[in-house]
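**Q** Prediction below, plus the sequence it came from.
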Amino acid sequence: MRLKFMLLPVLLLFATYSYACKCGGPGTVKESFIGGEVIVSGRVLRKELIAFSQTINPDSVSVVKARLNNDKQKLRFFEMNYIFKIDFQITDKYKGLHLTDTVTIYTAMNSASCGYKFEVGKYYIVYARKENDLSAMFLGSDDRNRDLERKDTYWTNHCTRTTEYNSMEAEELRALCGN
């Protein structure tokens, strides 16, 4: 029994390392503007830990669960709480101008999964997109090709230029979008 408790931290270390986030880092503001789908600045109103299953269209959850039924590990991962749901109040829209005044931003819970560490009440510049990268870990290609994302929700991670608000970057974005 004691051996199990001693091995657990070692196994978790290897699991974290093998799934660690790897990216080349964000590009320049201009490169990120061109490649970004949604770029906004604003304030985090609320941060809540949810399951990945809550990030997709509710009508598709049962279809995905049925497909994952033979793989209990993937099904557990699908239903596990490891995604932060961020309620984000927009103050400036640089790209994706059809957005409402508040949007939902999703990010992984920890930096090992490329999650961005938002804090409630702080202001950020967020570079986001409709699709997420996490679904590739356990959803089949049939699921990834379907429009599973919830309406008016976006994903970001620390591989994008998402950062705490700074006026110099905001000015550069205003110049790029013509505001």
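**A** Cool, the structure landed.
**Q** Quick check: buried residues in stretch 167-179?
**A** Neighbour counts over stretch 167-179 (16 or more other Cβ atoms under 10 Å) mark 169-170, 173, 176 as buried. Yep, even glycine has a C-beta here, placed from its N, CA and C like the rest.
**Q** Quick check, pLDDT for the residue nearest to Ile105 when sequence neighbours are not counted.
**A** What sits nearest to Ile105 in space, not counting adjacent residues and going by Cβ to Cβ, 6 or more residues apart in numbering, is Ile86, at 4.2 Å. On pLDDT, Ile86 comes in at 97.
**Q** beta partners of Ile86?
**A** Beta bridges link Ile86 to Lys47, Ile105, judged by DSSP bridges.
**Q** Tell me how far it lies from Lys22.
**A** As judged by Cβ to Cβ, to the nearest Å, Ile86 and Lys22 stand 23 Å apart.
**Q** ok so, going back, from Ile50, how far out is the residue nearest to Ile105?
**A** Separation of Ile86 from Ile50 (Cβ to Cβ): 11 Å.
**Q** same deal with Tyr154?
**A** Taking Cβ to Cβ as the measure, Tyr154 falls 15 Å from Ile50.
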